[in-house]
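Trainee: could you work out the structure for the sequence below:
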Amino acid sequence: MTRQPRGNAAPHPGPSTPPAVPSRSAGAAPGAGAGALVPGPPRRTAFAEGADRLRAAATTEPGRLRLIGALLALLVVSFGAVAAWQTTTRAAAAGDVLDGSQPLSSDAADVYRSLADANTAASSGFLVGGQGARAFDDRYEEDLRTAAAKLVKAAAGSDPGSPSAETITRLNRLLLEYKGLVERARTYNRQGFPVGGAYLRYADETMRKSMLPAAEDLYRRENQRLRADYADATAPPRAALALGVLALAALAWAQHRTYRRTNRVLNPGLAAATAATAAALLWLAAGHGVARAGLDDSYDHAVRSLDVLHDARVASLRARGNENLTLVARGAETVKVGGETVDAYDHEFRKDMDALGRGLARARELADDQAGEQPVARALGDVTEWRERHASARAEDENGNYQQALGRVIGAEGTTGECFDRVDGRLARALDHEENEFEQAAGDGRDAMAGLPAGVAVLTVLGAAGAVLGIGRRLSEYR
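Mentor: The predicted structure is shown next:
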């Protein structure tokens, strides 16, 4: 009796049913086994498949509309992103000009001025001696405190390990060395030892050959930093402007295409996108233009004048120091000029006075209003009088009348010191005026970019949304 299979199990093939044998491709290798499978075509990448779908979609009007909407949104958003990035960097650079590099440049100039003035006050106090030196000693101490404070501020604004930081460290070390030399000169002078004058000349040499060049190097580096910030703040946002124009052109083309295919004059979404993008582009161009005008004005009418006035003030301080040291050295330092032996310090004084005259003349040319020109013009008159009084003092000294010469140099009235104080005071007022001019113009330039990055970003997001909605309305007509 034959046993039937349970359930749905297939019956066991009988002896008359041959087993199935897998076929082999005609191109299979001769040595391949009987069960070898035929290899299929290589699998396509997702990118290739996506490109095929994109090409297929582009053959239909709904597909083309989707592509156009995506490209329009991408262009408008790209314009907003680049505009926000470029305006943010320029606004930050404008802020650095106003609150960072220019104040640091002025501080570096003040370091130089304070050191030079301290050197002048030290030599003046040395010449006067006794109770009369108290005012000069106080001025000397105040100058050193100012220089130290400005160096601390400059150190806070410089990068660790930078050349500026190294210069500041060197100046702090030299400041202690210089102060020690001046104290020795005072001590020996009070005791009546002539070696006090030698120590003072050595202190002056340390100041002129080491400290002032280092301070000048710091001032030069901060000026370079200021100019770099100006260049960053005023650089045109070319990439953003180009993308904005391209986005507007694409939106105009899309609206023209819609008009040709539907005979509808206005697509509200695309019109809104165009208006938002145009507003962002105009704001970008106008805001940057106003900001650049303000920054250029602050540079042309303030920073350039500040540079010239700082140089003129330094020249006046150098001249005053050399004038004092002419009396301190009493002919101990000479130099050959045109085959003639002359006092070295008096020779340097004349060079500094020439530089001072040229600097004041240039500052008068750069002054753009009466408030800036008036103190400079008066300082020029003081320089002329200073030269005349100095010539009279030199004549007394060369005739052997040292005390009379000293009385024409050091004192409150009728002296060269009076002329120097007037020149220094007038230059200080001119510098204050130009500082105010700078702050106003640079502040206007910085404020012109206030809110620009955020405003452009918001407008372009609205523009991209309008483009998508406008294309979406056309797509709804195919549903």
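
Trainee: quick check: closest non-adjacent residue to residue 379.
Mentor: residue 426 (4.2 Å; C-beta to C-beta, 6 or more residues apart in numbering). To be clear about C-beta, it is placed using only N, CA and C from the backbone, and glycine gets the same treatment.

Trainee: number of nearby residues for the one you found?
Mentor: 22 (other C-beta atoms under 10 Å).

Trainee: ok, it to residue 330 distance?
Mentor: Per C-beta to C-beta, to the nearest Å, residue 426 is found 32 Å from residue 330.

Trainee: likewise for residue 388?
Mentor: As judged by C-beta to C-beta, residue 388 and residue 330 stand 23 Å apart.

Trainee: go on, residue 427?
Mentor: According to C-beta to C-beta, residue 427 stands 30 Å off from residue 330.

Trainee: wait, what's in contact with the residue at minimal distance from the centre of the chain?
Mentor: Nearest to the geometric centre of the chain sits residue 229, at 1.8 Å (C-alpha atoms, centre = their mean). Residue 229 makes contacts with 93, 94, 96, 97, 100, 101, as judged by C-beta atoms under 8 Å, 6 or more residues apart in numbering.

Trainee: lowest-confidence entry in these?
Mentor: Here the lowest pLDDT out of these sits on residue 100, with 82.

Trainee: for it, give me its contacts.
Mentor: So residue 100 contacts 157, 229 (C-beta under 8 Å, 6+ apart).

Trainee: state the distance from it to residue 157.
Mentor: Distance, residue 100 to residue 157, using C-beta to C-beta: 7 Å.

Trainee: ditto for residue 291
Mentor: When distance is defined by C-beta to C-beta, residue 291 is 23 Å away from residue 157.

Trainee: more neighbours, these two?
Mentor: In this view residue 291 and residue 157 are compared by other C-beta under 10 Å, and residue 291 has more residues nearby, 25 against 17.

Trainee: point out where the chain drops to low pLDDT.
Mentor: 1-42, 44, 46-59, 130-132, 263-265, 478-479 (pLDDT under 70).

Trainee: what about the residue nearest to the centre of the chain, distance to residue 62?
Mentor: From residue 229 to residue 62 the distance is 52 Å (C-beta to C-beta).

Trainee: what do you get for residue 282?
Mentor: 34 Å.

Trainee: and residue 416, by the same measure?
Mentor: On the measure of C-beta to C-beta, residue 416 and residue 62 end up 91 Å apart.

Trainee: where do the helices sit along the stretch 301-450 of the chain?
Mentor: 304-329, 344-366, 370-398, 402-409, 416-447 (DSSP state H, counting those that start in this stretch).

Trainee: what's the following helix or strand after the longest one?
Mentor: In other words, helix 416-447. The element immediately downstream of helix 416-447 (helix or strand, assigned by DSSP states H and E) is helix 452-476.

Trainee: go through that next one and flag the buried ones.
Mentor: 452-453, 455-457, 459-471, 474 (16 or more other C-beta atoms under 10 Å).

Trainee: how about residues contacting that helix?
Mentor: With contacts defined as C-beta under 8 Å, 6+ apart, helix 452-476 is touched by 62, 65-66, 68-69, 72-73, 76-77, 79-81, 83-85, 87-88, 91, 247, 251, 254, 258, 262, 267-274, 276-277, 279-280, 283-284, 287-288.

Trainee: now with 7 Å, please.
Mentor: Taking contacts as C-beta atoms under 7 Å, 6 or more residues apart in numbering, the residues outside helix 452-476 that touch it are 62, 65, 68-69, 72-73, 76-77, 79-80, 83-84, 87-88, 91, 251, 258, 267-270, 272-273, 276-277, 279-280, 283-284, 287.

Trainee: weed out the non-buried ones from those residues.
Mentor: With neighbours counted by 16+ other C-beta under 10 Å, the contacts of helix 452-476 contain buried members at 65, 68-69, 72-73, 76-77, 79-80, 83-84, 87, 91, 251, 258, 267, 269-270, 272-273, 276-277, 279-280, 283-284, 287.

Trainee: mind checking which of these are in helices?
Mentor: For the buried ones among the contacts of helix 452-476, membership in helices holds for 65, 68-69, 72-73, 76-77, 79-80, 83-84, 87, 91, 251, 258, 269-270, 272-273, 276-277, 279-280, 283-284, 287, with DSSP state H as the criterion.

Trainee: pretty sure residue 313 is touching residue 114, no?
Mentor: No. With contact defined as C-beta atoms under 7 Å, residue 313 does not count as touching residue 114 (11.0 Å).

Trainee: who has more neighbours, those two?
Mentor: Between residue 313 and residue 114, residue 313 has the larger neighbour count (other C-beta under 10 Å), namely 27 against 22.
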